[in-house]
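Asks: Have a look; sequence and predicted model below, questions after that.
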Amino acid sequence: MKEVKIEVYNRKQKVMTTLYVEQLSENKFRMIDNDLFNKQLTLGVEFKTKINSENRHEVVKILKETEFITRRFGLTPNYKESDYRMLGEELTKRGGFWQVDLGSIATVNIPKDFEFNINQVIKDLGLVEITD
């Protein structure tokens, strides 16, 4: 698959985001990470777009949902970056994915068969989940 950069306009939130995605066909794409502003566009999601009047993509349909459980957290200064990095690396070893945006928002993609109790890990680290 070909990795491309596209600009996606979210009409509902009136936000434009630049995404790096795998291009599956002319107007079909697969997410290779997580969009910070559109919680539907997470790792592995396949979607179809149309080009709007400003020549930007707009998502018109989700074609395939992610195979991961996706959660977002605000990182706290109570732990060092190395503590969070260790957790992220462990998640990656077990087939998951993690990213940090704006220096303090962590998005994690957890395999559905993840062997650890993620809720306990979250509690132990004192992470604050971002929900909306």
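Replies: That came through, no problem.

Asks: okay, CA-based contacts and neighbour counts for the rest of this
Replies: Noted.

Asks: quick one, helices of the chain?
Replies: Counting by DSSP state H, the segments of the chain that form helices are 81-93, 118-125.

Asks: Tabulate the ones you listed in JSON lines, adding columns for mean pLDDT, distance to Gln13 and mean neighbour count.
Replies: As requested, the helices of the chain are exported to JSON lines (pLDDT from 0 to 100; distance: least, C-alpha to C-alpha, whole Å; neighbours: other C-alpha atoms under 10 Å):
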{"stretch": "helix 81-93", "mean pLDDT": "81", "distance to Gln13": "29", "mean neighbour count": "13"}
{"stretch": "helix 118-125", "mean pLDDT": "77", "distance to Gln13": "29", "mean neighbour count": "11"}
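
Asks: Can you say which of those helices is nearest to Ser25?
Replies: helix 81-93 (28.2 Å; C-alpha to C-alpha).

Asks: got a list of contacts for the closest one?
Replies: With contact meaning C-alpha atoms under 8 Å, 6 or more residues apart in numbering, helix 81-93 is reached by 97-98, 110.

Asks: Return the residues in contact with the residue nearest to Phe47 when sequence neighbours are not counted.
Replies: Excluding its sequence neighbours, the residue lying closest to Phe47 (C-alpha to C-alpha, 6 or more residues apart in numbering) is Ile62, at 4.4 Å. Ile62 makes contacts with 45-48, as judged by C-alpha under 8 Å, 6+ apart.

Asks: hmm, 10 Å instead?
Replies: By C-alpha atoms under 10 Å, 6 or more residues apart in numbering, Ile62 lies in contact with 28-30, 40-41, 45-49.

Asks: Buried subset of these, written for PyMOL?
Replies: Of these, the buried ones go into a single PyMOL selection, burial set by 16 or more other C-alpha atoms under 10 Å:
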select buried, resi 28+29+30+41+45+46+47+48+49
